[in-house]
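Trainee: Show me how the following folds:
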Amino acid sequence: MIIGVDIGGTSIKVGLVKKDGTIIKKESYKVVNNNQEKMAEELGNFILKFIGDDLSAIQGIGLACPGIIDRQNGICHTSPNLFWHELHICEIVQNICKKEVRIINDANAAALAELVLGAGKDFNSFVMLTLGTGVGGGIVINHELFEGKDDSETELGHWTLVENGEPCNCGKKGCIEAYCSASALIRETKIAMEQNSSSLMWDFADMLVKANGQTAFEAAKLGDKSALEVINNYVTNLARSIIKINDVYHPEVFLLGGGVSLQKEHLTHKVEEAIMNIGNQKIRVLPSKLNNDSGIVGAACLFLK
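Mentor: Numbering: from 1, shown residues only. Predicted coordinates:
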């Protein structure tokens, strides 16, 4: 058995994974941003409690973490959405759990999971975009995960989409993440709800704080004009981002993961159509197979290869 951990900007998910990628059980807890070492200790203690008394069955612990990661030394160099900087997270968790800990960028973990066990198995090359609190990018070339010299080369969410555009947590403006993350979608959803008190989006979130990445999509399916505008703008930005990335890597397919991708073909078909309308290009876009479990499974895959 392997422990796979998906560290997100809003929650951390921990799963017990078999060698065939099956998740036996999983639990999660909300992220509370405070001292980064304390956050790492909290994770270690949560994993220890999750494992229980029988440590002998655990081969190791894999961490999928957003940001720029030093896999060899087990360090998170920087994670803008977690406000981590030079965090020796593997050492801290290993000291608590007494098991080997390995780490990988979260989007790379998702791509690895889809490559080994998911929607990427049948493709020679693909780009995985994870649409969550941020936007992560994982790249597979010749059926191998491409990581470059460091993870910064594949931080696709921080490519510039709009010059001097919306501020991003990385400190720049106009990043893909600032327009295509679930956080960006929720931001625009709330703005639209405030501007239209009769929008059907209020039926899915009776308070602004309850709006999530699904709110606008569900209201748009019912024909709500405000929601349709939010979704059309979001899909357009995502399509423009994919065109930009495709111009560099030319993969066989783009896979979409993260919370927004739960809309499945309702999202991917719209994105393909927008790509054709914008750039007159036919780019294949598919939902991930492992959904929100890809981070957990990908982290576990660190002990399967």
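Trainee: Closest to the centroid, which residue in the protein?
Mentor: Thr130 (3.5 Å; C-alpha atoms, centre = their mean).
Trainee: isn't that residue right up against Asn105?
Mentor: No. Using C-beta atoms under 8 Å, Thr130 is not in contact with Asn105, being 10.0 Å away. Heads up, the C-betas are built off the backbone N, CA and C, glycines and all.
Trainee: Identify the contacts common to those two.
Mentor: Gly136, Gly138 (C-beta atoms under 8 Å, 6 or more residues apart in numbering).
Trainee: Could you chop the protein up by domain?
Mentor: Annotated domains of the chain cover 2-110+293-303, 122-288 [automatic domain parsing].
Trainee: Would you mind putting the ones you listed into JSON lines with distance to Val116 alongside?
Mentor: As requested, those are arranged in JSON lines below (distance: least, C-beta to C-beta, whole Å):
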{"stretch": "domain 2-110+293-303", "distance to Val116": "5"}
{"stretch": "domain 122-288", "distance to Val116": "10"}
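Trainee: Could you export those domains as CSV, including mean pLDDT?
Mentor: Converted to CSV, those look like this (pLDDT from 0 to 100):
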stretch, mean pLDDT
domain 2-110+293-303, 91
domain 122-288, 92
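Trainee: For my notes, confirm the residue nearest to the centre of the chain occurs in a strand.
Mentor: Yes. Counting by DSSP: H, G, I helix; E, B strand; the rest coil, one finds Thr130 located in a strand.
Trainee: For it, list each beta-bridge partner.
Mentor: Gly136, Gly257 (DSSP bridges).
Trainee: which residues sit in contact with it?
Mentor: Taking C-beta under 8 Å, 6+ apart, one finds Asp106, Ala107, Ala110, Gly136, Gly137, Gly138, Gly257, Gly258, Ser294, Gly295 in contact with Thr130.
Trainee: can you rerun that using 10 Å?
Mentor: Neighbouring residues of Thr130 by C-beta atoms under 10 Å, 6 or more residues apart in numbering: 6, 8, 64, 66, 105-111, 136-138, 156-157, 181-182, 255-261, 288, 292, 294-295.
Trainee: same deal with Arg284?
Mentor: Counting by C-beta under 10 Å, 6+ apart, Arg284 has contacts Phe123, Phe126, Pro251, Glu252, Val253, Phe254, Leu255, Thr268, Glu272, Ile275.
Trainee: Are any of the contacts of Thr130 buried, and if so which?
Mentor: 6, 8, 64, 66, 105-111, 136-138, 156-157, 181-182, 255-261, 288, 292, 294-295 (16 or more other C-beta atoms under 10 Å).
Trainee: ok, which stretches of the stretch 51-200 of the chain are strands?
Mentor: 60-65, 68-70, 75-79, 84-87, 101-105, 126-131, 135-141, 144-146 (DSSP state E, counting those that start in this stretch).
Trainee: right, so these: which one is the most enclosed?
Mentor: Among the strands of the stretch 51-200 of the chain, strand 126-131 has the highest mean neighbour count (mean count of other C-beta atoms under 10 Å), at a mean of 30.
Trainee: Between strand 101-105 and that one, find me the angle.
Mentor: 90 degrees (axes from the mean of the first three to the mean of the last three C-alpha atoms, to 10 degrees).
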